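# everything below, folded, please.
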Amino acid sequence: MKNELHDILKIKSSELESVCRNQGLALTIQRRAILEALASRKDHPTADQVYEDISSRLKGVSRTTVYRVLETFVSLGIAKKISYPEAKARFDADTSRHHHLNCLSCGAVLDLHDPSLNDLRPPAGVEPEFAITDYSITFTGKCARCRKTEG
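Numbers count the residues shown, from 1 in each chain. Model (predicted):
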């Protein structure tokens, strides 16, 4: 697991360096730290959670900086923003096509990697009106932990 995390961080760091170089953006300590914090988590953290992760390591960083950097990552394709009605936006460093399980009780967001969901075709008649470039599917329900505690 530790080697897998190391590999993920190395790939995402390389991706950040390449994108910053191509876009003429500075590769700041804040951007590196925020990406590392995001990529090392599997729970799709909110911007506030990322801020909590880095604030003790990176003195002087503000919540506004974290929000701004995360939004920059989304616009550059380094991260995805996962938003659900009536919930805080969450961020995901895994930009490959995958889907999510969303717990209605605790708000947990879990990855769902199922290749059969990646080949869905839009309903007939959608394409002329709307050009779909990507999609993700969210299943909502209750996670095992919440079902157990709600008994």
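
# how about the CA coordinates for the helix or strand of the chain with the lowest mean pLDDT, as CSV?
For the chain, scoring each helix and strand by mean pLDDT, DSSP states H and E identifies helix 126-129 as the least confident one, at a mean of 77. Written as CSV, here are the backbone C-alpha positions of helix 126-129 (Å, rounded to 0.1, in the frame of the first residue of the first chain):
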residue,chain,number,x,y,z
VAL,A,126,-29.2,13.7,-27.1
GLU,A,127,-26.2,14.2,-29.2
PRO,A,128,-27.6,16.8,-31.7
GLU,A,129,-28.7,18.9,-28.7
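
# what packs against the very next helix or strand once past that helix?
Using DSSP states H and E, the next helix or strand after helix 126-129 towards the C-terminus is strand 138-141. Packed against strand 138-141, as judged by 3 or more CB pairs under 8 Å, 6 or more residues apart in numbering; DSSP states H and E, are the following elements: strand 99-103. Backbone N, C-alpha and C define where each C-beta goes, glycine included.
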